[in-house]
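quick one, fold the following:
(3 chains)
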Amino acid sequence: MAETTIVLPPRIGFLTRFWRKVALLRESKVGMIGAALVGFWVFCAIFAPLLSPFDPNNDNFTPVHAVPGAEIYVDAGVIVRGVPAPETCELVEEGEQAGRYYCGTVWLGTDKNGRDILSRILWGAQRVLIYAPIATLCAYLVGIPMGLLAGYLRGRVDDILSFVANVILSFPVMVLYVLIIATMPKGGFTVIAAVVFASSPGVFRIVRGLTLDLRTREYVYAAETRGESIWYIILVEILPNARGPLIVDAMLRLGYVTITIGTLGFLGLGLPPPDADWGQMIASGREALQEHANVALFPCLAISSLVLGFNLLADGLREISLRD
Amino acid sequence: MARFQEGWTGPVLECRDLSISYMTRAADIPAVVDFNLKLTRGETVGLVGESGCGKTTVAMAIMRYLGHNGRIAGGQIIYKGVDMATLSHEQIRQLRGSEIAMVYQEPMAALNPSMKCGKQLMEVPIFHEGVSEKEAWDRSVALLHDVKLPDPERVMNSFPHQISGGQQQRVVIAMALLSRPSLLLLDEPTTALDVTVEAGIVELIAELARKLDTSMMYISHNLGLILETCDRICVMYSGEAVEEGTVEEVFDQMRHPYTQGLFGAIPLPTADKNARPLTAIRGQLPLPHERPPGCNFGPRCDHFQKGRCDGQAIPMLPVTGEPGHEVRCVRWNEIGQPVYAGGTRKSWEIGTEPVLTVDRMKKYYELRDSSLAAMVRGRRNRYVKANEKISFMARAAETVAIVGESGCGKSTFAKVLMGLETATEGRVEFRGKDIGAVPVQKRKREDVRAMQMIFQNPFDTLNPSHTVGGQLSRVIRKFGGVQGDEVRRRVLELLDIVKLPADFYYRRPRQLSGGQKQRVGIARAFAGNPTVVVADEPVSALDVSVAAAVTGLLMEIQRTYRTTLLFISHDLSLVRYLADRVVVMYLGHIVEQGTTDEVFSPPYHPYTEALLSAVPIADTSIEKKRIILEGNLPSVINPPKGCPFHTRCQRKIGEICETEPPPEVEASPGHMILCHIPIEALRAVEPVIVQKEKATAAE
Amino acid sequence: MLIFIVRRLGSMLLVMIAVSLLIFIVLEAQPGQVATKVLGPYSSQEQRDIWMEKNGYSRPIHERYVTWIGNFFTGDLGKSTRFKQPVNDILWPRLGNTALLALLTMMLVVPISLTLGVLAGMREGSSTDRSISFLSIFTTSVPEMASAPMLAAVFLSLLGWLPGTSGFSYGHPLQSLDGFPWIGINWQTVPELVMPVLVLVLYDFGYVTRMTRASMAEVMQTHYIRTAVLKGLPYKRVIVKHALRNALIAPFTIIMLQINWLLSGVIVTEYFFAYKGFGALLLEAALNQDIFVIEACAMVAVFVSVTTQTLSDVAYTYLNPRIRFS
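Got it, this is the predicted structure:
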C-alpha cells in the first residue's frame, strides 16, 4: 500500500462548540425566561455583599416593621455599620430631617426585629444557591453510579439496591426529613445530608430506568463483544447518552431542593438563626400577616420566582432535547 | 346505506399533477411533485421507491391524513369521479374505512393494545353501516375465516399481543376489508414479518383482490414483491414518478436509468457474485430542498448530458409501442438495456484448513418458572433450547451464510461465538482453543480481536455521544497496541478503506446517513484485522442501492484481508449472491448445510424449499413454485418431539416425523440434510426456481 | 395475576420490616437517650436508670425490638410526653382530620387535572396546551409555604372572607348523623377548610395535569390511534374509547401515589393554618422530642405510603392488558 498521508482538517475549538450549544437555548422562549430568572438570582447571590444596602443580621438602627420604601434617618451618635453615623451616612441639610443623617432606604421594609428585608432576601439567595446545588450534586454523585450499576448488572446487585431505594422512598418525603433532622444536630451539614439521603433514591430510579433502556442498544452490545470492562461501558457508553433527561431532571431537582430547604427553614428544622433564610422569613412573617404582609410576601415571591425559573429552564431544555 | 357513487364505472382513483408539501419553519419542503396515477377497478398498482421518495406521503394524502404541517400544494385527487378537496370533513370520515382502507407496517403497533381484536373489528361495520352487534360479530368471524385464521372465535376474544405477528397482520387486513372498500392502500404490509409468513400474507392479498374486485395500491421498496402481486408499477425517485407501466413492460425493458440502477442493485437467487455482480448507484439521494434543476436523478446518472438533463423540469414521456408505459427521461430511447458483465470476475481462493470449527454445540437457557403450575409439578426449571447440536466449519476467506427466520437460534449462535454467552455443551474451536465455554471477559485480547462483529441496526450501532474518530480510536487502542499519532493514522486509513472522507473523523453519528453509519460499523469491526467477522444482517435495514454499495464494500475488504465472513441473514437472494456455503437453521437445529449451489437446488430440506419459494424475485424470466407453510413457529420452550419442522412441513411422511428425531443424511460430501424422507425422493423433487423459456432476448 | 399480588404483598412486608428496623435503630437504639427524652433533660441519671429498668430497656436490643414491634400489633403505642396522653388518643383523630383534607383535595384535583391534562394532550402544541402547561408549571413552582401566606393575605387581610386559622372553632367538620359517626357535615366549619384545601389543590394539580398531558400526548402519536382515525371512526369515539383507555392508565396510578405526597405535603399547610392534623402532630413531636409519637407517626405514615404504592403497582398491572395477560 502506498504511503499516503491523509490530512485531517483542524477541529472547531471547544469553546466555540460550547457556545453553540448554549445558543440553542435561544430557540425556546420558555427556556429563556427560566434562564433569565435563574440568572437574576444567581447574580443576586454572587453580588449580595455589594448589593445589599444593610447588614442582614444587624438590627440596631433600623426601625421595626418599617414600611417598604421608608428612608432611614439617624442621629449623630448612633453606631451604624460599626462606626458612628456621621462617617457612613449623609447629613441632611434641610427639610424635616435636617440635622440627621440619611443612611439608606429600606425598599422592602423591615421585619419584626428591624432587619432590612431586601438585604435578607439577597443574602438568603446566596444561602439557597450555595446549599441547593451542593446538595443536588451530592445526590447525583450517589445516585448515578448506583443507578448505572443496578440497571446494567441487574440480578442481585439490582435487587439489593432497588430494595434499599424502595425502603427510603417509602417514607413520605417530609416525614423523612422530620425524622432525620429531629434526630441529628442542627446545622448546614445535616440539611445537606438529609437532602442527599432523601433525593438519591429518586436519582437512582431515574438513572436505573435510563440504563435499563440504554443497555439494549447495539453500541453497548458492540462494546461487550470487545470485552470492555463494566465501568467503561457504564461510564463511557451509557452515561453520556443519558445526559439529556438527567440535565432536565437536575433542573427540576434543583427546584425541589430549593423548596425543601425553604420548607425546612419555614418549619424551624433547617439552618439555625439568625442568618437570612427565606423559609424562616416567611415563618416569622406569618404572625404579622394582617398588618405587615410585606415581611412574608417578599420571600414568598423570591422563592417562587427562583423555583419557577428552574422549572421553566427544565421545560425549555426538554423541548430542545426533543427537537434534537 | 347507499355506497359512495354507486354504479361508477370509471377509474376508481385518479391523481392529477399532485404535489404535496410539508411546511416547516424554514421553508416549504416539496415531498411529492407532479404525481399522476390512474387506477381502475380491480387493478393493483405498485408504488416502488426507496426511503424518502414520497410513496407513503402519496398514500397519506389519499387518506387526507397529512398531519399538521402537510398539505396538498397542487393538483387533485379524484376518487370515483369526485375531487376529494370538495368533500367536507364528515364526508371524508365516512369514506375512510368503508370506501378507502389502509394497511401498514408493524401490525402490533397498528392495533389498540387495550382492546380485544373482536371489538376493534366490529367497530367498522357498526359505525359505517349501523349494523347490530350480532351481525357485526358474524361478519367479523366470517372475514377472519377468509383471511385464513384458524379458530376465529379465539382471535376475536384475544388481545393483540396474544397472537403472533402474522396473525395480527391478518386481523388488520380483515379490519380493512370488513366494509368492502373499493380501494385498499397497503404500505409495506409485510416488512416487519418473517419471509415465510410474508409469503402467506402476500398470497392472501392477491387472492382477496381477485375475489373482491378491490383496487389496490401496494407500496414497497421490494421490486420482487411488486412483480409478484401487481398489475402495474410506478417507480418513484425523490418525490417524482420516474417510470410507469405494466409489470411485464417495465421489468422486461426498463427504460429509466434509476429503475435500471435499482434492478442492478438487487441480488437475484438465480445468480451469484461472479456471474452478475451487484452494481450500486453512485452518489446519494438529494435532500428535498436541494434537488438539482431538471432531472432529479441527473447527478447520479451514467447517461447524464449537460444541457439536456439539467435544464427545465422533465415531463413523463410515452414509450413508443407500449401504450401505458411512460418514462421521465429525455434520453430514454437512446439508452439501451444494461449489460451485466458475466463470468469475468475472478473469485478468490478459499483456504483449505478450517479457521473455525463448531462441533455439536448446544446452548440451553434456563428459565426459572415460578408459576403455580410448575410448583405443583415439582419441576421449577425449564429450558429454552436455543441451539441444538450445531456443527459446521468455516475456512479462511470463505463466506458462510447462516439462514433462518426469527426464533431459529442464529442470534444465540452469534452470542456464543462472540463470548457473550457460553455453550452448554460441545466445542467451538478457534485458533486452536476451545472458546465455547469461555466468556468474552476471560478471553485473550488476541482472540477477541480476531473475532469481531458487524451489527444489524445502523442507527444504533454507533454511540451517538461520541465522534466517529473517537470511537474508532478507542477500538484501535484496545486492540492494536499502538499509541499516539499512529492511532490517528490508522483511523484515517480505516475511513479510507470504507470510502468515507477524512473529515468524518470529527462527525457525530447523527450527522451520518444509515449507509455511512454502517460503513463505520464495518471499519470498527475490521480495525483489529480480525480472522473471522460475524455479520448479523448488516444490510437489512438499508435501502436497496445503499445495501448494494455496503455489500460490495464488505466483499472487497474480505478479499483484501482474506477474512472469514459468517453472514447471518434471512434474505436468501443476498445469501445466494454472497455465500460460498450455506447453513439453514430452524428452531435451533441445522436442517441443511452445504455449498450454495447444493442448497439452492434439489435435493432440498422441505424448510429450505419453502424458504426459497417465499423469496420474492424481481425477474420476469423466472417461474417459482408456490409453497405456503401453515401454522406458526412452535414455542422454543416446548419444541415438538421428533423433527422440529413436522408441525408445518409440506412433505411430512407420517408418524415417524412426529416421534423420531430425523437423521443427518449426506446427499453429497459436505451437503447435509436433516430429514426422514429418503434422499432419492428429495433428489427427484422439482427445483423451486426455474428459468422460463424467453421469447425475446433481453439484450 | 394472583401470584403477582402475593409477591407484591411479600415485598411490602419486607419493606415494612426494613423500615421498622430503621426507625427502631435511629430512635430507640440507645436506651439512655430514650430515657432522657422521656423524662426530660433535667432528670437525674438515677431517675433514668429506674425508668429504664421499669420499661424493659435493660434487655438486649433484639428482644426490645421484638417487643416494640409486638406493641404495634397490639395497639399499644405508648404515651406522649408532650400531650400527656396515650398516643392512640391523639394519633387517630388527627389522622382522620388529615384524611378529610386529603379526601377533599383529591375530590377537586382528580377531575380538574384529568380534564385539563387530556385537553392539553389532545391538542399538543396548541395555545390551549401551552397555557395549560404554563399554568401547571407556575402552580408547582409556588410551594405551599409561599402560596399559603399569599392566599391568606388576599382572602384574609384584603377581603376578610375567610378565617385565618382552622382550629375547629365551630366544632369538628364531621358529625354524627342518624347515629352513624363521621357521616354528617358541620357546615359551619366549611370556611375553615377552604384555605388549607385550596393551598393543597393548587400545588398538587399541576403535577398530575402534566403527567396526564404527557401520557395523552404520547398516546395520540401512536399508530393505533392513526388506525382508528383511518377506520373512519367518529373523533369522539377515537378519543374516548381508544385514546383515553390507554392514556389514563399512568395518571390513575399517579393519582394513587398522590396520597403519599399529601401525607408529607400537609405538614406545612397544617402548620400554617393551625389545623389539628397528622402532619402538625408529627412536626410538634419532632420539635419536642416526643419519641413515641414520632415513632408511631412514622410507622403509620410509612404503612400508608407503602400500601398505596403497592395498590398503585397492582392497579397498573391490572389495567394494562399486555402485562395482565402474558
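
so where do the strands sit in the chain?
Using chain A. With DSSP state E, the ranges of strands along chain A come out as A:70-74, A:79-80, A:83-84, A:90-91, A:101-106.

hmm, I had chain C in mind actually
For chain C, the strands defined by DSSP E occupy C:174-177, C:180-185.

who wins for proximity to residue A:16 among the strands of chain A?
Of all the strands of chain A, it is strand A:101-106 that lies closest to residue A:16, at 44.9 Å by CB to CB. Every C-beta, even on glycine, is put in place using the N, C-alpha and C of the backbone.

export the closest one as PDB, just CAs?
Taking Å, rounded to 0.1, in the frame of the first residue of the first chain, the C-alpha atoms of strand A:101-106 are listed here in PDB:
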ATOM      1  CA  TYR A 101     -28.100  61.500  58.800                       C
ATOM      2  CA  TYR A 102     -29.600  59.600  55.900                       C
ATOM      3  CA  CYS A 103     -28.400  56.000  55.900                       C
ATOM      4  CA  GLY A 104     -30.300  54.500  53.100                       C
ATOM      5  CA  THR A 105     -33.700  53.200  52.200                       C
ATOM      6  CA  VAL A 106     -35.400  50.000  53.200                       C
END
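
what sits up against it?
A:53-54, A:61-62, A:66, A:68-76, A:80, A:85-86, A:88-92, A:116-118 (CB atoms under 8 Å, 6 or more residues apart in numbering or on different chains).

apply 10 Å and report the result again.
Strand A:101-106 is contacted by residues A:52-54, A:61-63, A:66-76, A:78, A:80-81, A:84-92, A:114-119, A:294 when judged by CB atoms under 10 Å, 6 or more residues apart in numbering or on different chains.

out of the strands of chain A, deepest packed?
Ranked by mean neighbour count under mean count of other CB atoms under 10 Å in any protein chain shown, the strands of chain A are led by strand A:101-106, which reaches a mean of 20.

the residue of the stretch 51-200 of chain A found nearest chain B: neighbour count?
Of all residues in the stretch 51-200 of chain A, residue A:155 sits closest to chain B, at 12.0 Å by CB to the nearest CB. Using other CB atoms under 10 Å in any protein chain shown, the number of residues around residue A:155 comes to 8.

what ranges do the helices span in the stretch 251-400 of chain B?
Using DSSP state H, counting those that start in this stretch, the helices of the stretch 251-400 of chain B run over B:257-264, B:372-377.

pick out the shakiest of these, pLDDT-wise.
For these, the weakest mean pLDDT is recorded on helix B:372-377, namely a mean of 56.

dump the strands of chain A to TSV, plus mean pLDDT.
Output for the strands of chain A, formatted as TSV (pLDDT from 0 to 100):
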stretch	mean pLDDT
strand A:70-74	77
strand A:79-80	72
strand A:83-84	73
strand A:90-91	78
strand A:101-106	77
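
want to throw these into JSON lines with distance to residue A:265?
Formatted as JSON lines, those follow (distance: least, CB to CB, whole Å):
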{"stretch": "strand A:70-74", "distance to residue A:265": "26"}
{"stretch": "strand A:79-80", "distance to residue A:265": "28"}
{"stretch": "strand A:83-84", "distance to residue A:265": "32"}
{"stretch": "strand A:90-91", "distance to residue A:265": "35"}
{"stretch": "strand A:101-106", "distance to residue A:265": "22"}
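
please identify which of those strands is closest to residue B:269.
Once those are compared by CB to CB, strand A:101-106 is nearest, at 89.5 Å.
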